[in-house]
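Asks: here is my input, please return the structure:
(3 chains)
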Amino acid sequence: MNLRESQIMKIHYLTGVCALFVVAVHIIMRLIVPFSTSLTYENVIGNYHNIPYAVLLEIILILIAIHGFNGLRIILLELRQNRIWEKCVSYAIIIASIAVIAYGTRTIIFANGLEL
Amino acid sequence: MATSKRNVNFGNRSVSSDNREGIKAWLNPFGYGWERVSYWLQRLTGLFLLVYFVGHVFETSSIIGGPDVWNSMLQLTQTLMGHLFLILVIGTSTFHSANGIRLIFTHLGKGLGKPGRPDYPYLASSLNYRQKSGIWVALILAALAMLFGVQVLFGKG
Amino acid sequence: MASKTVTFRISRTMTNNKKMPNHDEFEIPVQRWTTVLDGLLYAKSYLDSSIGIRYSCRMASCGSCGMKINGIPRLACYTKVSELDSSVITCEPLGNFPIIRDLVTDFTQFFKHHKNLEPFIQNKSADIDNEEDLSWFTQTPKDVDKYLQFSYCIKCGLCYSACPSVATDSKFPGPQSLAQAYRYFSDSRDDASKRRLNLVDERHGIWRCHFAGSCSVVCPKGVDPALGIQLMRGHLMNFSKNDMKKAKQEYVRRQDQMDS
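Replies: Numbering: from 1, shown residues only, chains lettered A, B, ... in the order given. Sure thing, here's the model as predicted:
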């Protein structure tokens, strides 16, 4: 699937804007109780048991991974210009995004299954 | 004329024929106005936030190790340095978001003025006060967010 | 009129025997109106005739004398020594251009990028072979205003030198050629809009511009390449599609009226 650069950039802008809203919700959730209380094990596990919040975390994970790693791809593409480098960067970015999303999803799923 | 894309040798001296400024140009925000500064900051904050994001995903995964592992992670991060780092994250993410919104508008061609007939002193209409104030607003919001972060992390409760 | 002396540090690349690149220093008498080019030509005429300088019109019309003056790309003929407010004037060749010698740089790659973006009117209905059936393209002042400032480009290369994306990306066309792409895109006589958009929509095309704005800061003719690039992006994002469509429809309607 060879996307045009304009399509990739539309995704970049869209993920950036959407991430802003979902991250804002994530931060507010940490502030509705005193900050140090919000980080206790019980409180955090309780958050993961809350399905809508767990879904929100998954969405943040996907949006920020796409936006962040695409930004890194842009920076790396500007550093060097040859076919091998560009192919390596594209594959490395995709693999890194999938790895981070997979690792974060694992945390969400496992934490959701943990007892309080 | 020795102008091809190869190192040109004159006896024991050689001149790089590309003369591109390289990363030095990315890292130098001075001499070209606020828009260049915002480009420099947007790039720096973006890279910083990406590193933080990966670290954050890794750090929060310690929850599945149980309360002992989670608490030992908290002991590492809920320190003075950890809080200062978090305040930096708050500031960088606020700047990156606010400036990013401004950039999205400019990349859609909005807020830049219209083409016209240039006249001395040939001031660029795209580098108008809407752009400059957008950058200043992003910086001010970042500073305010950092102050709020200080109040939350170091304040009572 | 009392004159003073300033030090010109001129970058040299091969004509002296020192390790390259290095700077030779010259004490140049200046008046209130002395330009950097005047100072350089004084040094060349009276102090060291081997200095390599490129210049032509001496009035910011040809774009030949572009160089880095105190670290910023400027036209030497258009920069007065007095406005630099410094007793040391450092003259270096334009960054991002291969150096031929001293202050003279090679514009081959720059012109290649410009040519690649097809900087000419393309119109299938223009019958340029049949002289008897010549078509004419009328434009209102409003049509001209859409692209006029971008047509003032003198290809001096200052924007290309100032651009941080050009500094690392050799495939990036640079602000000058992208602004020219917009100049022809927004010209009502041109009907190759889609082709022009496809030409710039590449991995190393218009999307490697991040609106650092340095190109517009240094442009001596008010071309404002950053404006052209962002406006073109708006069209690529389909955000400004309707503006251009309406303008072209209006243009075609006027042409039909004139023909009938």
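
Asks: only C-alpha atoms for contact and neighbour calcs from this point on.
Replies: Will do.

Asks: alongside chain C, which residues does chain A contribute?
Replies: Proximity of chain A to chain C (C-alpha under 8 Å from any C-alpha of the partner chain) is limited to residues A:4-6, A:9-10, A:74, A:77-81.

Asks: and the helix or strand containing B:Gly149, average pLDDT?
Replies: B:Gly149 is part of helix B:129-154 when elements are defined by DSSP states H and E. For helix B:129-154, mean pLDDT rounds to 94.

Asks: looking at this, B:Pro121 is in a helix?
Replies: No: using DSSP: H, G, I helix; E, B strand; the rest coil, the assignment for B:Pro121 is coil, not a helix.

Asks: so how far is B:Arg102 from it?
Replies: Noted for B:Pro121: a distance of 26 Å to B:Arg102, by C-alpha to C-alpha, to the nearest Å.

Asks: more neighbours, the two?
Replies: Neighbour count, other C-alpha atoms under 10 Å in any protein chain shown: between B:Pro121 and B:Arg102, B:Arg102 has more, with 19 against 9.

Asks: is it true that B:Leu112 touches B:Tyr129?
Replies: No: using C-alpha atoms under 8 Å, B:Leu112 is not in contact with B:Tyr129; the gap is 9.5 Å.

Asks: measure the closest residue to chain B within the stretch 51-200 of chain C to C:Leu199 for me?
Replies: At 3.8 Å from chain B, C:Asn96 is the closest residue in the stretch 51-200 of chain C, using C-alpha to the nearest C-alpha. To C:Leu199, C:Asn96 is 23 Å away according to C-alpha to C-alpha.

Asks: so the two - more neighbours on which side?
Replies: Legend: neighbour count by other C-alpha under 10 Å for C:Asn96 and C:Leu199, higher for C:Asn96 (30 against 15).

Asks: OK, contacts around that one?
Replies: B:18-21, C:160-161, C:166-167 (C-alpha atoms under 8 Å, 6 or more residues apart in numbering or on different chains).

Asks: element containing it?
Replies: Applying DSSP H and E, one finds C:Asn96 in no helix or strand.

Asks: nearest residue to it other than its sequence neighbours?
Replies: Nearest residue to C:Asn96 in three dimensions, chain neighbours excluded: B:Arg20, at 3.8 Å (C-alpha to C-alpha, 6 or more residues apart in numbering or on different chains).

Asks: same thing with C:Gly66?
Replies: In space, C:Gly66 is closest to C:Leu75, 4.4 Å off (C-alpha to C-alpha, 6+ apart).

Asks: and what of C:Leu94?
Replies: In space, C:Leu94 is closest to C:Met67, 4.6 Å off (C-alpha to C-alpha, 6+ apart).

Asks: so which helix or strand of chain A has the lowest pLDDT on average?
Replies: For chain A, counting by mean pLDDT, DSSP states H and E, helix A:35-38 ranks last in confidence among helices and strands (a mean of 82).

Asks: that one near chain B at all?
Replies: Yes: using C-alpha under 8 Å from any C-alpha, helix A:35-38 reaches chain B at A:35-36.

Asks: next secondary structure after that helix?
Replies: Next element after helix A:35-38 (DSSP H and E): helix A:41-49.

Asks: restrict that following helix to CA atoms and write it as CSV.
Replies: Taking C-alpha atoms only, helix A:41-49 is exported to CSV below (Å, rounded to 0.1, in the frame of the first residue of the first chain):
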residue,chain,number,x,y,z
TYR,A,41,-1.9,0.9,42.6
GLU,A,42,-5.6,0.5,43.5
ASN,A,43,-6.6,3.7,41.7
VAL,A,44,-4.7,2.9,38.6
ILE,A,45,-6.0,-0.7,38.4
GLY,A,46,-9.5,0.7,39.0
ASN,A,47,-8.9,2.9,35.9
TYR,A,48,-7.9,-0.1,33.8
HIS,A,49,-11.1,-1.9,34.9
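
Asks: so where's the stretch 51-200 of chain C uncertain?
Replies: C:127, C:131, C:133-135 (pLDDT under 70).

Asks: spell out which parts of it neighbour chain B.
Replies: C:72, C:95-100, C:106, C:145-149, C:164-168.

Asks: and chain A, by the same measure?
Replies: So chain A meets chain B at A:13, A:16-17, A:20, A:34-36, A:40-41, A:45, A:64, A:68-69, A:71-72, A:100, A:103-104, A:107, A:110-111, A:114 (C-alpha under 8 Å from any C-alpha).

Asks: now do the helices in chain A.
Replies: For chain A, the helices defined by DSSP state H occupy A:5-31, A:35-38, A:41-49, A:51-79, A:83-113.

Asks: I appreciate the help and will end here.
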